[in-house]
Structure formats: structure tokens, C-alpha cells
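> Build me a model:
(one chain, ligands or ions: 2)
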Amino acid sequence: MQGLVFTGDRSVELREFNDPIPGPGEVIVKIRASGMCGSDLHVYRGSAVTSSPQLLIQGHEPCGEIVELGPGVSARAAAVGDRVMIHHYWGCGTCVQCRSGWPQLCTTEEPRVPTLNEHGAHAQFMKIPLIQTMPLPDTLSFETGAAIGCGTGTAWGALTRMGDLTGKTLTIFGQGPVGLSATMFAASLGARVIAVDINDTRLEQARAFGADTVVNSSAGDAVDAVRAATSGQGSQLVMETSGVTPVAAQALEAVATWGTVCFIGIGANVEFNTRDTLRRQLTLLTSWTLSTVDQIRCADYVDAHQLPVDELFTHRWALNEASEAYQWFDKQDAGKGVFVFD
Ligand SMILES: [Zn+2]
Ligand SMILES: [Zn+2]
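Ligands and ions are numbered 1, 2, ... in the order given. Below you'll find the model as predicted:
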């Protein structure tokens with residue numbers, strides 16, 4: 001089969017790999033959709049390499065169909081033709097974190113992560129432990145299942161940690177694929193969403209996904225705009241998705257007394273003074289991806305409410321268009337891409 005690798009300095013190559021063979025407890029998934037995620041770009045932009053890990057097959061938002069069962073996989077647990085999402089980490093399977101659905105936090109061994117130390121999903125087939133696959137509801141597309149596997153699931157995971165959203169104002173800094181997903185979920189869950197970004201195209205989509213108020217932060221002070229939209233009180237809930245340090249500082253400023261700020265953008269340095277923060281009784285938290293159980297619940301919620309997750313994807317590509325696809329994605333203008341396979 002062919003798989004996509006990043007060879008460094010923003011170049012990609014399709015290379016030949018042996019078709020994967022399932023070991024005990026594993027299955028082979030024929031990939032039908034493999035999402036492009038913002039975190040791909042860290043490796044894509046990296047310096048040139050000739051050896052692993054960068055020459056592993058890329059792609060960590062997979063979704064597809066089971067085509068082969070490995071030894072010991074019960075026919076009651078899985079069947080050829082099953083449509084599955086993938087939780088793209090696996091660990092020892094027996095520690096408390098693994099047992100509670102968080103193999104990415106495995107405490108006994110280094111978690112296996114496609115693209116980092118295992119082959120990823122920008123290929124025709126992927127080998128995965130059955131336990132890391134989960135059913136894709138019939139009404140959901142493979143693209144939606146791929147998004148739930150990382151970016152959209154990350155938004156869901158953070159919102160579930162922020163508690164009841166009903167009737168509250170939630171300001172979401174950054175309306176990339178994760179922020180837009182958060183806007184869609186939060187509006188559906190009954191929050192009043194204030195969406196902040198520097199890109200009008202993203203803000204238009206945020207509006208279409210249910211944002212009540214949109215703020216272009218390149219046109220003026222975002223904190224002032226949030227205060228103006230909340231009778232001067234600030235936002236009860238704030239989510240920071242950009243990972244940009246000055247934006248993270250704005251997220252802290254925009255929250256109301258007794259409010260909660262959740263930081264999910266990677267890379268920001270967040271500074272806060274305890275005196276100022278405790279006197280506003282703030283709750284500050286972080287969130288990283290989601291558990292296997294939450295991934296199933298997320299897909300069920302999308303199914304039950306028929307949320308338009310597919311509309312996050314503005315570009316669909318064939319794998320042999322990957323060079324053009326990543327050049328486009330690297331600009332980070334707006335939109336999200338996915339490789340689709342017949
Ligand atoms: Zn990702
Ligand atoms: Zn473990």
C-alpha cells in the first residue's frame with residue numbers, strides 16, 4: 001500500500017509500505033477518511049529528516065471499515081465491514097488510566113501514538129488494537145467520524161470538563177476546527193456563544209454553527225468586545241483554543257468573577273497572579289483530547305442532534321494530492337481538509 005510521510009521542510013512523499021498484518025487482538029481498518037489536524041503542521045514544517053519517527057505514515061484522525069480480524073478477536077466483538085472510529089492512542093490496557101478510557105495517559109508504558117511511534121492513517125490501511133476502535137453511528141459520515149477522533153473530540157472533551165453550559169455565556173477564543181466544533185456543541189447544549197477570531201470566514205462559519213455574537217479581534221480589543229456583550233460583567237465561561245500567549249492572557253481578562261477558563265490551545269504560556277485571580281474566584285483548567293468513552297458519547301450526541309460536523313471540512317483531497325493539500329493547510333487561512341478513500 002502507499003502511505004504519506006513528511007520528509008521535512010514542508011515536503012511530503014507517498015511511499016510504498018507493506019500491507020499491515022494484524023497481531024493478536026488487532027484489526028485492520030480500511031481507511032475511508034483521514035483528517036488533517038493542526039498538529040500535523042509541527043512535523044510538516046520540521047527540518048529535513050531521513051529516518052524515523054518522522055518517516056512513519058502520518059495522519060491521526062482516521063475513520064474507516066474493518067477488513068480483517070487478527071488472532072483472538074472475537075467474532076462477537078467485531079466483524080468485517082464494521083464502520084469504526086479510532087481512538088488514536090493505546091497503552092498497557094491494565095493501568096487505571098487505560099481502564100478508564102485514557103490510554104494516552106498510560107502510567108506503565110509509553111503510549112503508542114500513530115505518527116509518533118506507530119504508522120498513522122494517511123494510507124489505505126491501518127493496524128489498530130480492536131479495543132481502540134468504536135462504532136461509528138450509521139447516520140454519520142466517515143469524515144465526521146475522523147473529526148470526532150481528534151479536533152472535534154477535543155472540543156467535546158473540554159466542554160464536558162467545563163460543566164453545565166445551559167444558559168451561560170461561553171466565549172471561545174480561536175475559531176479553527178477545534179473552536180468551531182466547540183461553538184457548534186456549546187450552542188446546541190444551550191450556551192450563548194461569543195466567538196472570537198481574526199478571520200471573517202471563520203467567524204461567518206461560527207455564526208452558522210450557532211454563535212450568538214462574533215468578534216473580529218483584529219478590528220479592536222477582544223476583551224472590550226466581550227465585556228460590551230455581557231453588560232460589562234465578562235464571560236461566565238471562556239475557552240482558549242489558539243495556543244497563542246497574548247490570546248491566553250485575553251482569555252483570563254475576559255472571564256467574569258466566579259468564571260471558568262479552559263485552556264486547550266497548545267503552546268501558550270499562561271501567567272496569572274494569585275491575588276488577582278483568587279479575588280475573582282476563578283476556576284482555571286486545561287484539557288487534552290478525550291477518553292474512549294467520551295468519544296463514543298460525542299458521536300452519539302452528534303448523531304442524536306444531527307450536528308453538521310461534515311461542514312467543518314472545506315477541502316476533500318485524494319492522497320496523491322497531499323503535496324498541494326498540505327501547502328494549502330500550511331497557510332492556516334480557514335477551513336479543514338480531509339483525505340478521502342473509496
Ligand atoms: Zn489532532
Ligand atoms: Zn496503561
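> Could you use CA atoms for every contact and neighbour count after this?
OK.
> what's the spacing between the residue in the stretch 201-342 of the chain that ligand 1 sits nearest to and ligand 2?
For the stretch 201-342 of the chain, the residue closest to ligand 1 is Thr289, as judged by Cα to the ion, at 8.4 Å. Going from Thr289 to ligand 2 by Cα to the ion, to the nearest Å gives 17 Å.
> how deep is that residue tucked in, by neighbour count?
Thr289 has 21 neighbours, counted by other Cα atoms under 10 Å.
> Same question for the one 5 residues further on.
For Asp294, the number of neighbouring residues by other Cα under 10 Å comes to 18.
> Name the nearest residue to it, ignoring sequence neighbours.
Nearest residue to Asp294, sequence neighbours excluded (Cα to Cα, 6 or more residues apart in numbering): Gly157, at 6.9 Å.
> so what's the one you found up against?
Residues in contact with Gly157 (Cα atoms under 8 Å, 6 or more residues apart in numbering) are Ser287, Trp288, Thr289, Leu290, Ser291, Asp294.
> Give the next helix or strand downstream of the helix or strand containing it.
For Gly157, the element it lies in under DSSP states H and E is helix 151-161. Next along the chain after helix 151-161, taking DSSP H and E as the criterion, comes strand 169-173.
> Isn't Met134 up against Ala78?
No - counting by Cα atoms under 8 Å, Met134 stays clear of Ala78, with 9.8 Å between them.
> ok, which residues in the stretch 1-150 of the chain are in contact with ligand 2?
Gly91, Cys92, Gly93, Cys95, Cys98, Cys106 (Cα under 5 Å from the ion).
> Out of the residues you listed, which is nearest to Glu61?
Checking these against Glu61 with Cα to Cα, the nearest one is Gly91 at 17.9 Å.
> Neighbours of that closest one, how many?
With other Cα under 10 Å as criterion, Gly91 counts 22.
> pLDDT score assigned to it?
pLDDT, Gly91: 95.
> So Gln124 versus ligand 1, what's the distance?
19 Å.
> Surely that residue is in contact with Met1?
Yes - contact between Gln124 and Met1 holds when scored by Cα under 8 Å: they sit 6.4 Å apart.
> what about those two, which has more around it?
Shown here are Gln124 and Met1; by other Cα under 10 Å, Gln124 has more neighbours (21 against 12).
> which residue packs closest to the more buried one, ignoring adjacent ones?
Ile31 is the one closest to Gln124 (Cα to Cα, 6+ apart), at 5.4 Å.
> tell me the contacts of the one you found?
Applying Cα under 8 Å, 6+ apart, the residues contacting Ile31 are Pro62, Cys63, Gly64, Glu65, Ala121, Ala123, Gln124, Phe125, Met126, Phe341.
> Ok, His119 next?
Contacts of His119 (Cα under 8 Å, 6+ apart): Leu56, Ile57, Gln58, Met126.
> Swap in 6 Å and give it another go.
Leu56, Ile57 (Cα atoms under 6 Å, 6 or more residues apart in numbering).
> What is the neighbour count of the residue in the stretch 101-250 of the chain positioned nearest to ligand 2?
Here the stretch 101-250 of the chain gets closest to ligand 2 at one residue, Cys106, 3.6 Å apart by Cα to the ion. When neighbours are counted by other Cα under 10 Å, Cys106 registers 22.
> go on, the one 4 residues further on?
Residues contacting Glu110 under the criterion other Cα under 10 Å number 14.
> secondary structure element for it?
Using DSSP H and E, no helix or strand contains Glu110.
> State the distance from it to ligand 1.
Applying Cα to the ion to Glu110 and ligand 1 gives a distance of 18 Å.
> ok, and the closest non-adjacent residue to that residue?
Gly91 (6.9 Å).
> mind checking the longest helix of the chain?
When the chain is parsed with DSSP state H, its longest helix is helix 292-305.
> Next, the buried residues of the helix or strand following that helix.
Remark: after helix 292-305, the chain's next helix or strand is strand 313-317, criterion DSSP H and E. Under the neighbour-count criterion of 16 or more other Cα atoms under 10 Å, strand 313-317 has Phe313, Arg316, Trp317 buried.
> Those residues into CSV, with extra columns for distance to Ala304 and pLDDT?
Output for those, formatted as CSV (distance: Cα to Cα, whole Å; pLDDT from 0 to 100):
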residue, distance to Ala304, pLDDT
Phe313, 20, 94
Arg316, 25, 96
Trp317, 28, 96
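> can you redo the residues you listed as a markdown table with distance to ligand 2?
Below are those laid out as a markdown table (distance: Cα to the ion, whole Å):
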| residue | distance to ligand 2 |
| --- | --- |
| Phe313 | 33 |
| Arg316 | 35 |
| Trp317 | 35 |
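> list the contacts for Pro62?
Ala33, Ser34, Ala121, Ala146 are the contacts of Pro62 under Cα under 6 Å, 6+ apart.
> how about the helices in the stretch 151-300 of the chain?
151-161, 177-188, 200-208, 222-228, 245-254, 274-278, 292-305 (DSSP state H, counting those that start in this stretch).
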